[in-house]
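Enquirer: need a 3D model of the following:
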Amino acid sequence: MVRGKTQMKRIENATSRQVTFSKRRNGLLKKAFELSVLCDVEVALIIFSPRGKLCEFSSCSMDKTIERYQKRQKDRENSTKAVEENMQNVKEDAPSMAKKIDFLEDSKRKLLGNGLEPCSLNELQLLENQLERSLSRIRAKKNQLVWEQIEKLKEEERRLGEENSKLREKCGVQPRQSSTSKSDELHIESMEVETELFIGPPERRSIQKP
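Expert: Alright, predicted model coming up:
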C-alpha cells in the first residue's frame, strides 16, 4: 500500500495529533543524537509539548550550548550595529565627498586648459605657477633618469672592455690600442720625418753670373 503525502497543516483530531507528536518527537531526538555522533557537532534540541512538557537533548551541556548561542547572537548584533553606524557615517560624508570630487574634476579640466572662461587673472596666475612647478619636477626627474641611464651604460662599457681584454689575453691576442695613442704615435712619426729632412748642412747652389 502506497503511503500518501502528509499535508502540512494542523491535525484537528487531538488523539491523532498526540500520536504524531510522540512519534516525530522521538524521531527528531534520534536524528539529533545521530547528527552529533556522526558529524562530531554540538547539538542542542528543546521541545515543548502542547501541554507544556519539556523535552530536550544536548550532545554536551545544555547551559554551555545556550551560553555559546547567546554570545554568538550578541556578537552578531554588535557587528550589525557597527555596520549600520558605518553606513550612517558614509551617508553623512557622501555630500562632502561629492563636493571634493567636483572640485578635483574642475581643477583637472583647468590644468588641461579647459573651462578657463570664468577664471580670474589671479586664478590663471596660480594655475600657471602650478604648471611651472609641475614641469620643473618632471624635468628634474627626467634628468635624473637620463644620468642614471648614462651611468649604467658607462658601467656596461667598462665591464665589456674588461671582458674583451680577458678574452684577448686568453686567446694570445695583443690588446687593442686606443685611437688616442695611435694618433699620438702618428703625430710623433710625422714630426721625426720632418726633422730628418733638415739634418745636415744646407745645400749650396751655384749662382750664375750674367
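
Enquirer: rest of the way, CA atoms for contacts and neighbours
Expert: Fine.

Enquirer: tally of neighbours for Lys108?
Expert: Other residues near Lys108 come to 13 when the count uses other Cα atoms under 10 Å.

Enquirer: ugh, wrong one, I meant Ala44
Expert: 20.

Enquirer: return the residues in contact with it.
Expert: Ala44 makes contact with Ala32, Glu56, Phe57, Ser58, Ser59, Met62, Thr65 under the criterion Cα atoms under 8 Å, 6 or more residues apart in numbering.

Enquirer: need the residues you listed in a markdown table (columns: secondary structure and neighbour count).
Expert: Formatted as a markdown table, those follow (DSSP: H, G, I helix; E, B strand; the rest coil; neighbours: other Cα atoms under 10 Å):
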| residue | secondary structure | neighbour count |
| --- | --- | --- |
| Ala32 | helix | 19 |
| Glu56 | strand | 12 |
| Phe57 | strand | 17 |
| Ser58 | strand | 18 |
| Ser59 | coil | 18 |
| Met62 | helix | 17 |
| Thr65 | helix | 16 |
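
Enquirer: tell me which of the residues you listed is nearest to Gln18?
Expert: Glu56 (17.6 Å; Cα to Cα).

Enquirer: so what's that closest one bridging to?
Expert: For Glu56, the beta-bridge partners are Ile46 (DSSP bridges).

Enquirer: pLDDT at it, what is it?
Expert: Glu56 is assigned 91 on the pLDDT scale.

Enquirer: show the contacting residues for it.
Expert: Ala44, Leu45, Ile46, Ile47.

Enquirer: quick check, nearest of those residues to Lys99?
Expert: Set against Lys99, the nearest of the contacts of Glu56 by Cα to Cα is Ala44 (54.4 Å).

Enquirer: list phi and psi for the closest one.
Expert: Ala44 adopts backbone torsions of phi -130, psi 130, taken as degrees, to the nearest 10.

Enquirer: where does the prediction get shaky in the protein?
Expert: In the predicted model of the chain, residues 1-4, 174-210 satisfy pLDDT under 70.

Enquirer: could you pull out the helices for the protein?
Expert: Taking DSSP state H as the test, the helices found in the chain are 14-39, 62-111, 121-171, 179-196.
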